[in-house]
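Participant: my questions are about this predicted structure, shown below with the sequence.
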Amino acid sequence: GVPSIIWLDSVTCTSNNATSLNDCNKDVPGRTDCSHIEDVNLRCGTAPPPPARSIYSDIRLAGGPSSNEGRLEVYFNGTWGTVCDDGWTTDATTVVCRELGYSGGSTLASGLYTRDMPDQIWLDDIGCANDTSLNACDKGRYGSHNCWHSEDVNLRCIVDGYSAIRLADGPSADEGRLE
């Protein structure tokens, strides 16, 4: 359904260098004279390629409602697999979200996103501090774990200074009402 709060009004992006809503002029969030009949609807094209990854592994968020939220998966040895939440911290969330090109994020309930889940669990007992990638964090051997998929790590990474931006109620994942 349509959310009750309209957060942004009078958004103008005048620079060709604007890469996020934070780069655009806008009124104070939550102050608006709009009604939902004026909600912005978008159809997005192909997303840009993801940032460069480690040669040893690749990571993604999968199964969630948007590209910045979902189950953490690691690509290793030709197969996607999940990451167990044993030892997972907010530092680990920050490392992963930054590696994916976001400024930070939050950890969601384990086992939340189960759609199209891979069989493999690749990592367990992750220890991150000021690391620059998940691959640089302390961890066990790939494939060695004592977990069930109900313990998979799920994250929401911060987009454009907002905890989430999404396209809702559209006919596909790349079009709908901007929320």
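Facilitator: Now that the structure is in, tell me what you want to look at.
Participant: report the contact partners of the most centrally placed residue in the chain.
Facilitator: Note on the chain: the residue nearest the mean C-alpha position is residue 68, at 1.9 Å, using Cα atoms, centre = their mean. Residue 68 is in contact with 61, 100, 102, 105, 156, 157, 158, 159, 164, 165, counting by Cβ atoms under 8 Å, 6 or more residues apart in numbering. In short, each C-beta sits where N, CA and C put it, glycine included.
Participant: equivalent analysis for residue 7, please.
Facilitator: 29, 30, 32.
Participant: if I look at it, how far off is residue 117?
Facilitator: Using Cβ to Cβ, to the nearest Å, one obtains 32 Å as the distance from residue 7 to residue 117.
Participant: measure how buried residue 129 is and give me the count.
Facilitator: 12 (other Cβ atoms under 10 Å).
Participant: hmm, I typed the wrong one, I wanted residue 141.
Facilitator: Residue 141 has 9 nearby residues by other Cβ under 10 Å.
Participant: just for the protein, where's the confidence low?
Facilitator: Flagging of the chain using pLDDT under 70 yields the residue ranges 1-4, 15-20, 22, 42-57, 160-167, 172-174, 177-179.
Participant: for it, what spans make up the helices?
Facilitator: Remark: helices assigned in the chain by DSSP state H are 90-99.
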